[in-house]
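Trainee: here's a sequence, model it:
(chains A, B, C and D)
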There are 2 protein chains.
Amino acid sequence: MAIPRILVVDDDMDMRQMMTQFLRQNGTIALPAANEAEVRTHIDGGRVDLVLLDVMLGDENGLEICRQLRTEQDVPIIMVSALSADSQRMEGYAVGADDYIAKPFNPELLLARIKAVLSRTRRSASLVHRRNTKSFRFSGWLYDAKSGEILSPAHIQVTLSRRETALLQVLLANPHIPLTREEIATSLDVTGETQPANEASGRAIDVLVGRLRNKIETNPKDPQILKTERGVGYVFAVDVEVFET
Amino acid sequence: MAIPRILVVDDDMDMRQMMTQFLRQNGTIALPAANEAEVRTHIDGGRVDLVLLDVMLGDENGLEICRQLRTEQDVPIIMVSALSADSQRMEGYAVGADDYIAKPFNPELLLARIKAVLSRTRRSASLVHRRNTKSFRFSGWLYDAKSGEILSPAHIQVTLSRRETALLQVLLANPHIPLTREEIATSLDVTGETQPANEASGRAIDVLVGRLRNKIETNPKDPQILKTERGVGYVFAVDVEVFET
DNA sequence: GGATTCTGTTGCACGATGTTACATAGAACT
DNA sequence: AGTTCTATGTAACATCGTGCAACAGAATCC
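Mentor: Alright, predicted model coming up:
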């Protein structure tokens, strides 16, 4: 990942300087801001990976800014505050903060928590930054239609055979819709796969599904993704997210 | 989103029980575990959305388990520990925890932090293809229409066959209203189940009801949920609470 | 050309579901 | 109350669909 850019929002200049300096010494890009206007400038203008937001900002209110940001942005926010009562922390979480750290704090610990939030964001978000590609994510898996690569939830690459890939694409394209063996077989052949349209004997699809399950299901004996509809066929049973990358 | 499933890992039974109970009262599914083996069972077996991991687990080490999980899984982990020194917290973050909470803690605050981590995970992945989910609660049971999973009052998963699931859905949709065998059979077929509308011989429904009773009634011989209306059919005899999730 | 991987075929085991037969419980009638 | 009749519960069996290991032919790679 690129060097993380962190927006440090605090109206106290000493504190702001201390934090930015510390963060810069620890491999991040720290951008200072003292009020909502400056926050806007940075957020709207450039890329910001995380916001460190002080709760008490002179006459402005960090909580309010957080709530506001959350309605329009996905950017991770860590609230920082001298107010350390549980009720005050909970208020922070309630307006959408990802973490809440009481002042005074150990800078090393702050760094650890920043990293935790960033890596959670990264783990959950797309890792592929390519162009003109469609990618799909489902229950932790990441599938890049262009390269044909598929990454497990632990981001380990798994190799699918051609037929398995085709099967996955067909099912992926119809999430939550049960497909009969007939339909699957037809789609497979159309998808520019091997021509063996030989579907007379039938059980090929079952075996193929079984093989795919062995590769992508956590517990192939109890499939969560490729479910069987008895008497019908198979369903891709989880939500799918589609990216343009 | 479906109801979040939280794995509570603590070797102290009282603590474990307190936490699971609290979480269950707050709209989550809490699954208890006391050691690494039990964690494995849950993680490998079913879906787990977040792990609450105690650091000191008898002769096992929560930090080590966390490190291990992190190498293979993406699941969010919140460490919980009586060890509250900054260095110990940092160790938690170092092995990949998403958050670290010191005991004793305010349960409400724990809940807020769980939600923060879950929503960070979710925000980073906005779904394109999504399905509305309905969940039902009745006399301690929890049924998630999306996953088709049903949990006993102790949050133990019970496996229903497809036909049993369909039957439950039909009855669930008509609480306190007696349904004839005819009606049930018709609904079952409409619900996209097997097409054998062969209802000539009749007794299939009775047997099916009996099988379902064996799975969800405390005492199948004296059914409280699926009662018989002699000369009519069957009734779902308890109140049902419906959620949109 | 030989080794390796992919893919379809086949047979068997198992689980899910309907059918049947019999036991029991309730209702109706005497 | 006792008798008879009907409805329901359920064990045992039959049937069918699916999972899957093992095999074999085809395709692919050195």
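
Trainee: what's the longest helix in chain A?
Mentor: helix A:107-124 (DSSP state H).

Trainee: check the gap between residue A:188 and DNA strand C for me.
Mentor: 7 Å (C-beta to the nearest atom of the strand, to the nearest Å). In short, each C-beta sits where N, CA and C put it, glycine included.

Trainee: A strand includes that residue, no?
Mentor: No. In this structure, residue A:188 is helix, not part of a strand, as judged by DSSP: H, G, I helix; E, B strand; the rest coil.

Trainee: any idea how far it is from residue A:216?
Mentor: 17 Å (C-beta to C-beta, to the nearest Å).

Trainee: swap in residue A:182?
Mentor: Separation of residue A:182 from residue A:216 (C-beta to C-beta): 23 Å.

Trainee: which of those two has more residues huddled nearby?
Mentor: residue A:216 (23 against 12; other C-beta atoms under 10 Å in any protein chain shown).

Trainee: which residues are in contact with that one?
Mentor: A:141, A:150, A:152, A:158, A:168, A:225-226 (C-beta atoms under 8 Å, 6 or more residues apart in numbering or on different chains).

Trainee: show the buried residues in these.
Mentor: By neighbour count, with 16 or more other C-beta atoms under 10 Å in any protein chain shown, the contacts of residue A:216 hold A:141, A:150, A:152, A:168, A:225-226 as buried.

Trainee: what about stretch A:59-73, near chain B?
Mentor: No. Against chain B, stretch A:59-73 shows no contacts by C-beta under 8 Å from any C-beta of the partner chain, the least distance being 9.0 Å.

Trainee: so what touches that stretch?
Mentor: A:9, A:11, A:35-36, A:39, A:43, A:51, A:53-57, A:75, A:77, A:79, A:81, A:91-92, A:95-97.

Trainee: next one: stretch A:36-43
Mentor: A:7, A:9, A:31-33, A:48, A:51, A:57, A:60, A:65, A:69, A:73, A:75.

Trainee: residue of chain A nearest DNA strand C, please.
Mentor: With C-beta to the nearest atom of the strand as the measure, residue A:161 is the residue of chain A nearest to DNA strand C, at 2.7 Å.

Trainee: excluding chain neighbours, what is closest to that residue?
Mentor: Spatial nearest neighbour of residue A:161, excluding adjacent residues (C-beta to C-beta, 6 or more residues apart in numbering or on different chains): residue A:211 at 7.9 Å.

Trainee: for the one you found, grab phi and psi.
Mentor: Phi and psi for residue A:211, reported as degrees, to the nearest 10, are phi -70, psi -40.

Trainee: before we move on, back to that, so which of the contacts of residue A:216 is the closest to chain B?
Mentor: Using C-beta to the nearest C-beta, residue A:152 is the member of those that lies nearest chain B, at 8.6 Å.

Trainee: what helices or strands is the helix or strand residue A:88 falls within leaning on?
Mentor: In the assignment (DSSP states H and E), residue A:88 maps to helix A:86-94. Judged by 3 or more C-beta pairs under 8 Å, 6 or more residues apart in numbering or on different chains; DSSP states H and E, helix A:86-94 is in contact with helix A:62-72, strand A:77-81, strand A:99-102, helix B:107-123.

Trainee: would you indicate which residues of stretch A:176-192 are buried?
Mentor: Neighbour-count burial for stretch A:176-192, counted by 16+ other C-beta under 10 Å, picks out A:178-179, A:181, A:183-185, A:187-189.

Trainee: quick one: it near chain B?
Mentor: Yes. Residues of stretch A:176-192 are located near chain B by C-beta under 8 Å from any C-beta, namely A:176, A:178.

Trainee: distance between that stretch and the chain's centre?
Mentor: On the basis of C-alpha atoms, centre = their mean, to the nearest Å, stretch A:176-192 sits 29 Å off its chain's mean C-alpha point.

Trainee: likewise for stretch A:49-62?
Mentor: That offset, for stretch A:49-62, works out to 25 Å (C-alpha atoms, centre = their mean).

Trainee: report the residue ranges of every domain in chain A.
Mentor: A:5-124, A:134-244 (automatic domain parsing).

Trainee: mind putting the ones you listed into TSV with distance to residue B:22?
Mentor: Putting those into TSV (distance: least, C-beta to C-beta, whole Å) gives the following:
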stretch	distance to residue B:22
domain A:5-124	15
domain A:134-244	27
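
Trainee: least reliable of these by average pLDDT, please.
Mentor: The minimum mean pLDDT among these belongs to domain A:134-244 (a mean of 84).

Trainee: for residue A:149, grab the count of nearby residues.
Mentor: By other C-beta under 10 Å, the residues close to residue A:149 number 16.

Trainee: list the buried residues of stretch A:151-170.
Mentor: For stretch A:151-170, burial by neighbour count (16+ other C-beta under 10 Å) applies to A:151-153, A:160, A:163-170.

Trainee: so which of those is the closest to residue A:114?
Mentor: Residue A:114 lies nearest to residue A:153 out of the buried residues of stretch A:151-170, by C-beta to C-beta, at 23.7 Å.

Trainee: which residues touch the closest one?
Mentor: Residue A:153 sits next to A:139-141, B:73-74 when contact means C-beta under 8 Å, 6+ apart.

Trainee: rebuild these as JSON lines, extending it with distance to residue A:113.
Mentor: Below are these laid out as JSON lines (distance: C-beta to C-beta, whole Å):
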{"residue": "A:139", "distance to residue A:113": "27"}
{"residue": "A:140", "distance to residue A:113": "24"}
{"residue": "A:141", "distance to residue A:113": "28"}
{"residue": "B:73", "distance to residue A:113": "21"}
{"residue": "B:74", "distance to residue A:113": "19"}
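
Trainee: helices of chain A, start to end?
Mentor: Listed in chain order, the helices of chain A (DSSP H) span A:13-24, A:36-45, A:62-72, A:86-94, A:107-124, A:162-172, A:181-190, A:204-216.

Trainee: my guess is residue A:35 contacts residue A:58. True?
Mentor: Yes. Contact criterion C-beta atoms under 8 Å: residue A:35 and residue A:58 qualify, at 7.2 Å.

Trainee: which of these two has more neighbours?
Mentor: A side-by-side neighbour count of residue A:35 and residue A:58, using other C-beta under 10 Å, places residue A:35 first with 15 against 10.

Trainee: turn the helices of chain A into CSV, columns for distance to residue A:145.
Mentor: As requested, the helices of chain A are exported to CSV (distance: least, C-beta to C-beta, whole Å):
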stretch, distance to residue A:145
helix A:13-24, 38
helix A:36-45, 32
helix A:62-72, 30
helix A:86-94, 37
helix A:107-124, 20
helix A:162-172, 7
helix A:181-190, 15
helix A:204-216, 15
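
Trainee: which of the buried residues of stretch A:176-192 lies closest to residue B:241?
Mentor: For those, the minimum distance to residue B:241 (C-beta to C-beta) is 28.8 Å, reached by residue A:178.

Trainee: these two touch, right, that closest one and residue A:231?
Mentor: No. Contact criterion C-beta under 8 Å: residue A:178 and residue A:231 do not qualify, at 10.0 Å.

Trainee: same list, the helices of chain A, but as TSV with distance to DNA strand D please.
Mentor: Converted to TSV, the helices of chain A look like this (distance: least, C-beta to the nearest atom of the strand, whole Å):
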stretch	distance to DNA strand D
helix A:13-24	47
helix A:36-45	48
helix A:62-72	43
helix A:86-94	42
helix A:107-124	29
helix A:162-172	8
helix A:181-190	7
helix A:204-216	4
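
Trainee: of all the ones you listed, which one is nearest residue A:242?
Mentor: Among the helices of chain A, helix A:162-172 comes nearest to residue A:242, with 9.0 Å by C-beta to C-beta.
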